[in-house]
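Enquirer: My questions concern the predicted model and sequence given below.
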Amino acid sequence: MSTSTRTLLFRVLPLVALGLLLGLFYIGLDRDPRNLPSTLIDVPLPDFALEPIPDRGNALTRDALLGEVSLLNVFGSWCVSCRAEHEELVRLRSEEGIAIHGVDWNEKDPRDGADWLRRNGDPYVLAGQDPDSRLAIDLGVTGAPETYLIDPCGVVRYKHSGPLTKEVWDDILAPAVKTLKDAPCTARVPAQEDVP
Amino acid sequence: MRKTLRASLLGLALVLGATASAHAIGPDEVMDDPALESRARALSKGLRCVVCQSENIDESNVDLARDMRLRIRELLKDGKSDADIRSFMVQRYGDFVLMEPPVKPSTYALWAAPGVLLVVGIWALVRTLRARSASAAPGSDPTAPAPLSPEEQERLRALLDETPQENR
Amino acid sequence: MIVELGHYCLVLALFVALVQAVVLLTGAARQRADFMATATGSSLALFALVGASFAALTWAFVVSDFSVLVVALNSHTDKPLLYKISGVWANHEGSLLLWVLILTAFSLAISLLGRNLPPTLRSRAIAVQGLVTAGFLLFILFTSNPFWRIPPEAIPLNGQGLNPLLQDPALAFHPPLLYAGYVGFSMAFSLAVAALIEGRVDAAWARWVRPWTLAAWVFLTLGIALGAWWAYYELGWGGWWSWDPVENASFIPWLAGTALLHSAIVVEKRNALKVWTVFLAVLTFSLSLVGTFIVRSGVITSIHAFASDPTRGVFILVLLGLTIGASLILFAWRAPQLEGGSLFAPDSKEGSLLVNNLLMTTAAATVLIGVLYPLVADVLNMGKLTVGPPFYELVFKWLMIPTIVLMAIGPLLPWKRGDLRGALRKLTVADAAFVLTLIAVIVLAGADRYWTAIGLALGVWLATGTLTELALRLRGGRMPPRATWGLVLGHLGMAAMVIGIVCDYSWRTETVQAMRPGETRHLAGRDFTLLEADEVQGPNYTALRATVRLDEKGREVAVLHPERRDYATSTMPTTESAIASNGLVDYHAVIGESSGDGTFAARFFYHPGVPLLWYGAGLMALGGLISLTDGRYRVGAPKRNTATRSRKTPS
């Protein structure tokens, strides 16, 4: 390489690097760096059995979710955004007829979740407590609320982080629920072991 | 209220530092076996807190970090290896949870970057040094700057004169 | 009313900045002395206007005018006055205003102190400063206006307060120092762009660039050190650097600035490396801007990034593209005209300074890549990942070894001709110190501590080598110039830091336990006894305050008072660790929550060598300051020059 090509390279390379950097930043502006994709998509749910919320019937187990399309919603009475999505969940249960199960995550007192549901309405078919994040860690939960779409075979099909709004339901979840109702059970990878 | 830390941290203004460290690892979590405990500490220092992010779970005061620390200790008690526990977390949270990026195709570029930069730099440096120490007579260089005008020379001399240059 | 006045001043400042840039650029292009003579006046006006604006905002904070949105969100009537004032820059809007204020202060400084610069160069440099100022003023006025009011019906009775973690004297002064560093590099940038417009760079140019770079570098060094110190004593686990993106955003320009500082020496003394130095000057400030973007735009997760806002992000991105893009295009166009320069041997002082530049820029690039890689992986759909401390620590371990070796050898090399052998011969004392330290550490700490041994030995070697350099300079009884003292202190500072870092990484320990008052715990040769823990009342918080006695072999050495504070305005309690230091090693006591059964969570830490970090940073900054006072680099106009100044200098 001759000296002049080298200096030309030295003069032009910074501009190329700047162009790449600006492009990267521009795309990056539209992305939420905190949004962590789920590793569970198309993977069967891990096995679990959660104690029910006090005065609230049956335990929440993996087997209880099988046989129909359902939503698994992680919430907590301490969680402000959960309050924001709650009305939508109540509406979904009464109007859309989808089974929603609740994971009451990380309550200080098991009664807190029960009281909260009593005050704000109870959209859940089954609701279990996860006081020490046992299921939350297995699901890869990073914060509440989070909602998982589960197919009839117990395979996770979609994860939504943050409050569930009508838009999310109409645009993403409702179409997915429709296709899943008739789809055969397929899982991409076997269910996770406790430790590989 | 506790997990809304996520929201309040986003709003946390300014520069260096991190969150309130009210309860990083607490005394009730410590294992009886010191060998296992020190492995637990080392493991949790290598795992990122997924709620507050950019903190490891050992330092984090978020409840989920605490639950992850306890889960690690549980797995250690069951006799799992450090590698087992790391892949346990990766299976659930992805590579993101590892403070040290794993060496795999998607990170080859990252791990190679410092070395490649250094090699390219050394190559450029050697070329420059060769050119600089070449015996080419000054003036034969076509890109050399135009000679100074008399005024400029005088100005330069004035500048250099009043502050004697020390040369060793 | 005062707030509106401040707002008005800011709008006016925008126009002054634009007019200043146009008038000065035209004046320089057409050789109009009358145009160029406006530089001082317009710089003064700009500084006064932005200063008035800043004062108006400060006033709003001091009197707690909660009708101003920024004040309502970031202040509180109960806050002590110092933190009301520091609250001005503890938020996005106010900190940007401080950023611009510092920018205009530097413009004013160059217009007042740079009278010996060729008038066209001076005009162009001030014009570039004016353009950057205008860009940031637009950004403030349109996306981050600190003077926005809240509608009267929504004015809160009290503010939301400042994050209690930030209510700390060190953190009150950390941002201004950091910004003075970031923004200070704009001077080298503006002078470089001006030189590119003129198409010439000479030794005199380097002599003007160096003091400004040095001043910015000193500020940045102090700013970073203050932030690290704050994290160390405030956050409660004795961590002083976590390679967080925001920390890295300040470290990258520091590394580039360090390279610039050294390459400017070569331009000045030997009239070589001109193209490279101009490039570094552009690069250093560009990296400051990129750092600002990273912190402000939310593209990268950091625990202490400012709340993100997409319009702000796009605006800064455009500003970034225009500023850096224009200067790099100018560079690509004009660089060939700057070619040339004197020759030197590879193992001369010039050669060693070039190797320094290679190492510093590689380090800066590595940190930048580490910060950006998660974003790259995400954008290319390669998954989310983290680049954490292990990556940086591994890379820096290998980059710092040659850097330290070079730092001792380089100063001993002669200019122009190579004499590596001669330099190495002068380092026999340092070699002996290296070997002795290596053996001592291996014998005392064990052979598996070889990294500790190598690290400490290198630190000692650098210190000894640097002192050798000083001794050789002092021989013959002549006082070396102040720049030499600066070099010696700066390099000694680095040696102190290396030793401190290696000690802390190798030997720090801690213990976590539940304790009842009266119980004792042993850690690293000291006994920590928890004497009592009481509730106390602070100005705007309540605290659990513990008394911990520290004994060494049964003799009391210190009484510590760690606190755990609950601020009325925040749900997060904060810890105030208490540190006992003997000047070389630190012991921390941290008090945590009470478990209700009479026990308290207590954490004790042993951090050997950390004080050396602060000495090291102090020595570096002091070295920089002493260099600044060297007659050759003094910012002010050398007297003899008045004669030449009046003469017309063709550009």
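Expert: Looks like it came in fine.

Enquirer: Count the residues that sit near the closest residue to chain B within chain A.
Expert: Closest to chain B within chain A is A:Ser133: 3.4 Å, counting by C-beta to the nearest C-beta. Using the backbone N, CA and C atoms, a C-beta is placed for each residue, glycine as well. Using other C-beta atoms under 10 Å in any protein chain shown, A:Ser133 has 20 other residues around it.

Enquirer: Could you do C:Asp65 as well?
Expert: As a measure of burial, C:Asp65 has 19 neighbours, counting by other C-beta under 10 Å.

Enquirer: and C:Ser250, what is it in contact with?
Expert: B:15-16, C:178, C:181-182, C:220, C:223-224, C:227, C:291 (C-beta atoms under 8 Å, 6 or more residues apart in numbering or on different chains).

Enquirer: any idea which of the residues you listed is closest to C:Asn91?
Expert: Distance to C:Asn91, by C-beta to C-beta, is smallest for B:Val15 among the contacts of C:Ser250, at 11.5 Å.

Enquirer: Show me what the longest helix anywhere in chain A is packed against.
Expert: Ranked by residue count, the top helix of chain A under DSSP state H comes out as helix A:3-29. Helix A:3-29 sits against helix B:108-133, helix C:274-297, helix C:310-334, helix C:349-379, with contacts defined as 3 or more C-beta pairs under 8 Å, 6 or more residues apart in numbering or on different chains; DSSP states H and E.

Enquirer: next SSE after that helix?
Expert: Heading C-terminal from helix A:3-29, the first helix or strand you meet, by DSSP states H and E, is strand A:49-50.

Enquirer: Please enumerate residues in contact with that following strand?
Expert: A:59-62, A:103, A:128-130, A:135.

Enquirer: Highest neighbour count among those residues?
Expert: A:Val103 leads those on contacts (other C-beta under 10 Å) with 29 neighbours.

Enquirer: Please identify the helix or strand for that residue.
Expert: Using DSSP H and E, A:Val103 falls in strand A:99-105.

Enquirer: Using PDB, list the CA coordinates for the helix or strand just after that strand.
Expert: From strand A:99-105 onward toward the C-terminus, using DSSP H and E, the following helix or strand is helix A:110-120. Taking only C-alpha atoms (Å, rounded to 0.1, in the frame of the first residue of the first chain), the coordinates of helix A:110-120 have been written out as PDB:
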ATOM      1  CA  PRO A 110     -49.600 -13.400  51.600                       C
ATOM      2  CA  ARG A 111     -52.700 -11.500  52.600                       C
ATOM      3  CA  ASP A 112     -51.600  -8.400  50.700                       C
ATOM      4  CA  GLY A 113     -52.400 -10.000  47.300                       C
ATOM      5  CA  ALA A 114     -55.800 -11.300  48.500                       C
ATOM      6  CA  ASP A 115     -56.700  -7.800  49.800                       C
ATOM      7  CA  TRP A 116     -55.500  -6.200  46.600                       C
ATOM      8  CA  LEU A 117     -57.700  -8.500  44.500                       C
ATOM      9  CA  ARG A 118     -60.600  -7.900  46.700                       C
ATOM     10  CA  ARG A 119     -60.300  -4.200  46.200                       C
ATOM     11  CA  ASN A 120     -59.500  -4.100  42.500                       C
END
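
Enquirer: Where does the prediction get shaky in chain A?
Expert: A:1-6, A:184-196 (pLDDT under 70).

Enquirer: Domain ranges for it, per the record?
Expert: Split into domains by automatic domain parsing, chain A comes to A:1-29, A:49-182.

Enquirer: for those, which one ends up most surrounded?
Expert: domain A:49-182 (a mean of 19; mean count of other C-beta atoms under 10 Å in any protein chain shown).

Enquirer: how long is it from one end to the other?
Expert: 27 Å (C-alpha to C-alpha, to the nearest Å).

Enquirer: Residue 72 in helix, strand or coil?
Expert: Picked chain A for this. Assigned with DSSP: H, G, I helix; E, B strand; the rest coil, A:Leu72 falls in the strand class.

Enquirer: That one is in contact with A:Tyr148, isn't it?
Expert: Yes. Assessed by C-beta atoms under 8 Å, A:Leu72 is found in contact with A:Tyr148 at 4.3 Å.

Enquirer: shared neighbours of the two, anything?
Expert: Common neighbours of A:Leu72 and A:Tyr148 (C-beta under 8 Å, 6+ apart) are A:Leu139.

Enquirer: rewinding a little: look up how far chain C lies from the residue of chain A closest to chain B.
Expert: 19 Å (C-beta to the nearest C-beta, to the nearest Å).

Enquirer: wait, what's in contact with the residue lying closest to C:Ser348 once chain neighbours are set aside?
Expert: Distances taken as C-beta to C-beta, 6 or more residues apart in numbering or on different chains place C:Gly418 nearest to C:Ser348, at 4.9 Å, with adjacent residues excluded. Contacts for C:Gly418 (C-beta under 8 Å, 6+ apart) come out as C:344-348, C:351.

Enquirer: Packing partners of the strand holding A:Val103?
Expert: In terms of contacts (3+ C-beta pairs under 8 Å, 6+ apart), strand A:99-105 is packed against strand A:60-61, strand A:70-75, helix A:110-120, strand A:127-130, helix A:134-139.

Enquirer: Can I get the contacts of C:Gly418 in TSV including pLDDT?
Expert: Output for the contacts of C:Gly418, formatted as TSV (pLDDT from 0 to 100):
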residue	pLDDT
C:Phe344	86
C:Ala345	85
C:Pro346	84
C:Asp347	86
C:Ser348	89
C:Gly351	89
